[in-house]
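Trainee: No sequence on hand, only this structure:
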């Protein structure tokens, strides 16, 4: 993938990031936590996610973080924005009847982001070493 500063692909990457954030917000704010009830998600994936409640947060934010950090950027503002989003989308669940606010979910999301940030940083470092 081109470096984060690639002007030609940046609008595309930002658009995909917005779609990812929107999808996570939608799934987080639904009245039901069961992804098997969402028809657009492949059955194997929704079953896995429903079976691995907290872990699914880590995996979702790991994937989002990998994409954002590799394509949009990995500056502190990007990391902080995604971390804030991970916490903020959990808070409204306090008021949703069939949902539960759980710090473990936010912690798993932050953990997924941390792993993604680390992996992208290591990959960039290795690429620089190969060029040298």
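Mentor: Okay, I see it. Keep in mind that what you see is a predicted model, and the values were worked out from it rather than measured.

Trainee: What residues of the strand or helix carrying residue 59 count as buried?
Mentor: Using DSSP states H and E, residue 59 maps to helix 53-71. For helix 53-71, the buried set under the neighbour-count rule, 16 or more other Cβ atoms under 10 Å, comprises 56-62, 64-71. All C-beta spots, glycine's among them, are computed from the backbone N, C-alpha and C.

Trainee: Then stretch 37-46?
Mentor: residue 46.

Trainee: now the end-to-end length of it.
Mentor: 8 Å (Cα to Cα, to the nearest Å).

Trainee: Please apply the same query to stretch 47-60.
Mentor: Terminal residues of stretch 47-60 lie 14 Å apart, using Cα to Cα.

Trainee: what's residue 58 in contact with, if anything?
Mentor: 108, 109, 111, 112, 115 (Cβ atoms under 8 Å, 6 or more residues apart in numbering).

Trainee: most neighbours, which of those?
Mentor: Ranked by neighbour count (other Cβ atoms under 10 Å), the contacts of residue 58 have residue 109 at the top, with 29 neighbours.

Trainee: As TSV, the contacts of residue 58 with pLDDT would be great.
Mentor: Shown next, in TSV, are the contacts of residue 58 (pLDDT from 0 to 100):
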residue	pLDDT
108	97
109	97
111	97
112	97
115	97
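
Trainee: Counting only strands, which of the residues you listed make the cut?
Mentor: Nothing among the contacts of residue 58 maps onto strands, per DSSP state E.
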